[in-house]
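S.K.: Sequence first, then the predicted structure, then my questions.
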There are 2 protein chains.
Amino acid sequence: MKKYTEMTAAELKTELEEVTGLYEDLKAKGLSLNMARGKPGKAQLDMVSGIMDVLKSDSDFMCDGIDARNYGNLEGLPSCRALFADLLGVEPKNVFIGGSASLQMMYDTIAKAYTHGRVNGDGPWAKLDKVKWLCPAPGYDRHFGISQSFGMEMITVPMTAEGLDMDVVEKLIQDPEVRGMWCVPKYSNPDGIIYSAETIRRIASMKPAAKDFLLMWDNAYCVHEFFGDYVPFPDILAECAEYGNEDMVFEFASTSKITFPGAGISVFVCSDNNMAFMKKLLNAQIISYDKVNQLRHVRFLKDKEGVLELMKKHAAILGPKFKCVLDRLDAEIAPRGIASWQHPNGGYFVSVNTMPGIAKATWQLCKEAGLTMTDAGATFPYKNDPNDSNMRVAPSLPPTEQLEQAMEIYCVSMRLAALQKLCKE
Amino acid sequence: MKKYTEMTAAELKTELEEVTGLYEDLKAKGLSLNMARGKPGKAQLDMVSGIMDVLKSDSDFMCDGIDARNYGNLEGLPSCRALFADLLGVEPKNVFIGGSASLQMMYDTIAKAYTHGRVNGDGPWAKLDKVKWLCPAPGYDRHFGISQSFGMEMITVPMTAEGLDMDVVEKLIQDPEVRGMWCVPKYSNPDGIIYSAETIRRIASMKPAAKDFLLMWDNAYCVHEFFGDYVPFPDILAECAEYGNEDMVFEFASTSKITFPGAGISVFVCSDNNMAFMKKLLNAQIISYDKVNQLRHVRFLKDKEGVLELMKKHAAILGPKFKCVLDRLDAEIAPRGIASWQHPNGGYFVSVNTMPGIAKATWQLCKEAGLTMTDAGATFPYKNDPNDSNMRVAPSLPPTEQLEQAMEIYCVSMRLAALQKLCKE
């Protein structure tokens, strides 16, 4: 196989004809496939449904001397706080157990900065003329969605193999209007990159001009390896504390990809100051989150070992799906030189960077052949990918046989988009 | 028995000595009792714990063609929306199913008015110099807590036997800075009053100067009769629509006192315009609320008939507790003429209005004798009861035998407080 960029005009024309034929054959099959969202597949859900059987008799609802069925304990069941403290390497007193969605906890943390200000700030952000926000990209579209909903000015920060470009960040935070940053530090969404120790140190030691700068540390994939063993990861709260920055950071995690997506439990981790501040505000918002679901998780997951054991079972289902995607890309795309990608060991995505200018076209061709992909551009602030290059592949939902078909459509669509572009030039 | 206000100084002195003796005897028992919060008792929780058994096999999680275990369906499971629509007499399209706490839905509705404005407003309330809010009182302390958290200026509106004093409200809403009002229209917290049809009509037809006035209609006790049959109640959305006011109101309800407090499901009901507006904002906050819990409720409660049947069983537990409270008040307090109270048929409270100036003293005496009551004053904005008179009695949590003891302490403490005051005058 020859790289497309090294083909002569005649070769490109022949290849275009051939690939057009392949594409039309696939399109004629009238398939309906989806690799758009990081949704766990049915086999994963069935595997964890035993969590519904752990609360049976009336006495089962007692935990830590608390009846989980009644009001109370704003910050969560002590046993549940302890479980997450163990998972994330922090103290239980710095763990708050929330509702069924960490996205909601993130939104609420930012909403409270707008309505009530930050523990170390000068009042509500809603009174400010402008809030600027750092968005490492490609990144998570729902993070950018929160920023956009609050009317923040989003500033794109490039990703590197070490995480994000801290040279850029260190310059940008000298602007006092820059008040925060999104991070997915382990198996970043979508690149699957693990932030290096040096990157984390530089983040923890930042000296932003805005004294109430808010580091949103979304540790969504803290135990989510699909190849190989669990990779330990630094506790950002302790790292920040080392530089007197403990009030800068909120860490988030959830069981959405451990038990049930959107029906598990979520958590935030923060400093003592932030915890006292947030508990006072949250006390006006809610009496207590769903402690029955917290207890169900404590009984089902048991402890860190229990969680890691369960994640091995998820990996047994997810690993082959990621292998399918990566093998196809390695076989069909790599030799043609029209895209590059990371080879992650965890998370929920493969991030593909096509040659510039063909991501949208590839997405459209996929769509017309019956394959829904994450919108091209979605991984950038304002859905604006300056190179029209990044595509997020989410292999978790389709069963493996569908995934093979989906990847066939994806690779042929990308080849066709590349050829159409190269033939025009 | 003679009314205390009709006693001579000598009679008061004798009575004071006797009641002091009774009080000291009770205090010596060293009891620890609680009538502070509207928490259901253990017998009620045990009665509904069968809800944990309705989801067993993998196929049980399918509902309306949706796997309740995965992401999606922001506005809730169609079957769950239909169930609440039936209960509240509205259309399913106007029902949004939220998380485990209606308080959170109320807080979020107001928070969004502050950060994003209202569908029919001129932008975020956070930009306004002042937000004034009408607070019918005695009322629910957690409503006032939300208002206070957002820095609203709370204005007390007196309650009447018909609900709230609409003459006062109609004057106050001519102030364009008055942007909303709290209401608990059925079995109001704490008075247990059902708003009359005329009161509801006057509310629905209000013409506030603030065009984005927000009526917070907390229908917390929509099916919560403890004496007698279910009392049908008007649909506030339709009532408001009759006067072109459909965008003015959000109605709230929950299963916190149907199934599990703080671990049930919550709901808001609003106009088509508000629903579209809120869904757009909520879509940035959360992918979907806990649909597994929604499904559990649909399977367990089934339909309106199922809910009303279950509420009869709650009434069988709660009715005797309320009877105990009311009988004691009728026997011990009424003849002495030192307080008056409503005789509600539903809700979670008995609201006692003592002679002026002894609520705080009664509360303190109760506390010293081992009985925790809701803070005197808590039922008013800023915890400021101008007459120091209103006390909220919450009989649901203690078992009946404890309730007898608690009411003994409560009545003796109130008598003692009254006598101490009268002897000083």
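M.R.: Now that the structure is in, tell me what you want to look at.

S.K.: isn't A:C411 right next to A:D330, touching?
M.R.: No. Taking C-beta atoms under 8 Å as the definition, A:C411 is not a contact partner of A:D330, at 10.5 Å. Just so you know, the C-beta spots here come from the backbone N, C-alpha and C atoms, and that holds for glycine as well.

S.K.: Neighbour count: those two, which is higher?
M.R.: A direct count of neighbours by other C-beta atoms under 10 Å in any protein chain shown for A:C411 and A:D330 places A:C411 higher, at 21 against 12.

S.K.: Find me the pLDDT at that one, would you?
M.R.: pLDDT, A:C411: 98.

S.K.: Residues of the stretch 51-200 of chain A that sit close to chain B?
M.R.: A:52-53, A:55-56, A:58, A:61, A:67-72, A:99-101, A:103-104, A:107-108, A:111, A:114-116, A:124, A:126-127, A:142, A:145-146, A:148-150 (C-beta under 8 Å from any C-beta of the partner chain).

S.K.: The same query, at a cut-off of 7 Å, please.
M.R.: A:52, A:55-56, A:58, A:67, A:69-71, A:99-101, A:103-104, A:107, A:111, A:114-115, A:124, A:126-127, A:145-146, A:149-150 (C-beta under 7 Å from any C-beta of the partner chain).

S.K.: Would you verify that A:A361 is located in a helix?
M.R.: Yes. Assigned with DSSP: H, G, I helix; E, B strand; the rest coil, A:A361 falls within a helix.

S.K.: re earlier: give me the buried entries from the residues of the stretch 51-200 of chain A next to chain B.
M.R.: For those, a neighbour count by 16 or more other C-beta atoms under 10 Å in any protein chain shown gives the buried set as A:52, A:55, A:67, A:69-71, A:99-101, A:103-104, A:107, A:111, A:114-115, A:124, A:126, A:145-146, A:149-150.

S.K.: What about the residues you listed, which are in helices?
M.R.: Among those, the members falling in helices (DSSP state H) are A:L103, A:Q104, A:Y107, A:A111, A:Y114, A:T115, A:G145, A:I146, A:S149.

S.K.: what's the closest of those to B:S340?
M.R.: B:S340 lies nearest to A:T115 out of these, by C-beta to C-beta, at 40.1 Å.

S.K.: sorry, back to before: got the ones in helices among the buried ones among the residues of the stretch 51-200 of chain A next to chain B as CSV, with distance to B:K360 and pLDDT columns?
M.R.: Below are these laid out as CSV (distance: C-beta to C-beta, whole Å; pLDDT from 0 to 100):
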residue, distance to B:K360, pLDDT
A:L103, 44, 98
A:Q104, 39, 98
A:Y107, 40, 98
A:A111, 36, 98
A:Y114, 37, 98
A:T115, 32, 98
A:G145, 49, 98
A:I146, 45, 98
A:S149, 45, 98
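
S.K.: Run through who's touching the one helix or strand A:A43 maps to.
M.R.: For A:A43, the enclosing helix or strand under DSSP states H and E is helix A:42-48. Contacts to helix A:42-48, defined as C-beta atoms under 7 Å, 6 or more residues apart in numbering or on different chains, come from residues A:T259, A:F260, A:K313, A:H314, A:I317, B:D58, B:D67, B:R69, B:N70.

S.K.: Taking those, tell me the two that lie furthest apart.
M.R.: Greatest spatial distance in the contacts of helix A:42-48: A:K313 and B:D67, 19.0 Å, computed using C-beta to C-beta.

S.K.: now the helices: where do they sit in the stretch 101-250 of chain A?
M.R.: With helices called from DSSP state H, counting those that start in this stretch, the stretch 101-250 of chain A shows them at A:102-116, A:141-149, A:166-172, A:197-204, A:236-242.

S.K.: which one of these has the most crowded surroundings?
M.R.: helix A:102-116 (a mean of 23; mean count of other C-beta atoms under 10 Å in any protein chain shown).

S.K.: circling back: from the ones in helices among the buried ones among the residues of the stretch 51-200 of chain A next to chain B, which is closest to B:A361?
M.R.: Using C-beta to C-beta, A:T115 comes nearest to B:A361 of these, at 37.7 Å.

S.K.: My guess is the closest one contacts B:A126. True?
M.R.: Yes. Here A:T115 reaches B:A126: they are 6.3 Å apart, a contact under C-beta atoms under 7 Å.

S.K.: Identify the contacts common to the two.
M.R.: Taking C-beta under 7 Å, 6+ apart as the criterion, A:T115 and B:A126 both touch A:P124, A:A126, B:Y114, B:T115.

S.K.: So the third one is in contact with B:G123, correct?
M.R.: Pointing back at B:Y114 there. No. Counting by C-beta under 7 Å, B:Y114 sits too far from B:G123 to count as a contact (10.5 Å).

S.K.: In terms of residue numbering, what are the domains of chain A?
M.R.: A:4-45+A:312-424, A:53-307 (automatic domain parsing).

S.K.: what about A:F250, distance to chain B?
M.R.: Relative to chain B, A:F250 is positioned 16 Å away (criterion: C-beta to the nearest C-beta, to the nearest Å).

S.K.: Report the beta-bridge partners for that residue.
M.R.: On the basis of DSSP bridges, A:F250 is bridged to A:M216.

S.K.: For it, give me its contacts.
M.R.: A:T109, A:L214, A:M216, A:W217, A:F268, A:C270, A:N274.

S.K.: Give me the nearest residue to the second one, chain neighbours excluded.
M.R.: Counting by C-beta to C-beta, 6 or more residues apart in numbering or on different chains, A:G180 is the residue found nearest to A:L214 once chain neighbours are left out, at 3.8 Å.

S.K.: Pick out the residue of chain A closest to chain B.
M.R.: In chain A, the residue that lies nearest chain B is A:A126 (3.3 Å; C-beta to the nearest C-beta).

S.K.: surely that residue meets B:H116?
M.R.: No. Between A:A126 and B:H116 there is no contact under C-beta under 7 Å: 10.0 Å.

S.K.: Would you mind listing the residues touching both of these two?
M.R.: B:P124.

S.K.: Can you pull the poorly scored residue ranges out of chain A?
M.R.: For chain A, no stretch is flagged by pLDDT under 70.

S.K.: go with 90
M.R.: A:1, A:56-57, A:400, A:425 (pLDDT under 90).

S.K.: Output the longest strand belonging to it.
M.R.: For chain A, the strand with the greatest residue count under DSSP state E is strand A:153-160.

S.K.: Show me where the stretch 301-425 of chain A has its strands.
M.R.: A:339-341, A:350-354, A:371-373, A:390-393 (DSSP state E, counting those that start in this stretch).

S.K.: Neighbouring strands - and their directions - for the last one?
M.R.: Okay, so that is strand A:390-393. Strand A:390-393 is paired, per DSSP bridges, with strand A:350-354 (antiparallel).

S.K.: same thing with the third one?
M.R.: Sheet partners assigned to strand A:371-373 using DSSP bridges are listed as strand A:33-35 (parallel).

S.K.: returning to what we had before: so for B:V325, which of the domains of chain A sits nearest?
M.R.: Closest approach to B:V325 among those (C-beta to C-beta): domain A:53-307, 20.2 Å.

S.K.: From the structure, what's the count of residues near A:D375?
M.R.: 17.

S.K.: Tell me who's in contact with it.
M.R.: Here A:D375 is in contact with A:W363, A:K383 (C-beta under 7 Å, 6+ apart).

S.K.: And it, how far from A:Y23?
M.R.: A:D375 is 20 Å from A:Y23, where distance means C-beta to C-beta, to the nearest Å.

S.K.: do the same with A:E153
M.R.: Distance from A:E153 to A:Y23, by C-beta to C-beta: 40 Å.

S.K.: Buried residues of whatever helix or strand A:Y23 lives in, list them for me.
M.R.: According to DSSP H and E, A:Y23 maps onto helix A:9-28. Using 16+ other C-beta under 10 Å as the test for burial, helix A:9-28 gives A:L12, A:E15, A:L16, A:V19, A:L22, A:Y23, A:L26, A:K27.
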